[in-house]
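Novice: would you be able to build a 3D model of this:
(one chain, ligands or ions: 2)
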Amino acid sequence: MIDENFICENCGKEINKLGYTARDHCNYCLYSKHVDINPGDRKNTCLGLLKPIGIEKFKDTYKIIYQCEKCKQIHKNIMASDDNMDLIIKLSQINWDSFIMLISFNE
Ligand SMILES: [Zn+2]
Ligand SMILES: [Zn+2]
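Specialist: Ligands and ions are numbered 1, 2, ... in the order given. Sure, this is the predicted structure:
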């Protein structure tokens with residue numbers, strides 16, 4: 001995995017590298033980019049924007065659930081320590097039933 005600075009394609013902010021692990025999403029708007037097939041491999045040619053649509057508990061942290069705006073695939077990233085907490089909380093309050101419907105609709 002490469003930890004590098006990048007410009008967020010959704011909000012346009014420059015995102016500094018994280019330091020402890022590879023930064024894979026914007027810590028302001030939480031958007032990510034569909035670049036991985038397996039986490040960190042950067043082998044996906046889709047390159048669509050990954051839109052955050054939900055949160056799920058993962059060990060002692062959380063995973064952000066994404067849906068690619070281009071290929072509609074569901075993708076998950078572990079949240080970073082400096083992520084926008086307000087947005088994380090907002091996402092975690094999304095109605096779980098409609099979320100599951102959304103996933104089955106796209107499969
Ligand atoms: Zn952003
Ligand atoms: Zn995609």
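
Novice: check whether stretch 7-22 contacts ligand 1.
Specialist: Yes. Contact of stretch 7-22 with ligand 1 (CB under 5 Å from the ion) involves 8, 10-11. For the C-beta atoms, the positions are set from N, CA and C on the backbone; glycine is no exception.

Novice: closest one of these to Met79?
Specialist: The shortest gap between Met79 and any of these belongs to Cys8, at 15.6 Å (CB to CB).

Novice: that closest one and Tyr31 touch, don't they?
Specialist: Yes. Applying CB atoms under 8 Å, one finds Cys8 in contact with Tyr31, separated by 6.2 Å.

Novice: what's the burial count for Cys11?
Specialist: When counting by other CB atoms under 10 Å, one arrives at 12 neighbours for Cys11.

Novice: residues in contact with the closest residue to it other than its chain neighbours?
Specialist: Among residues not flanking Cys11 along the chain, Cys29 sits closest, at 4.3 Å (CB to CB, 6 or more residues apart in numbering). Cys29 makes contact with 8, 10-11, 13, 52, 84, 87 under the criterion CB atoms under 8 Å, 6 or more residues apart in numbering.
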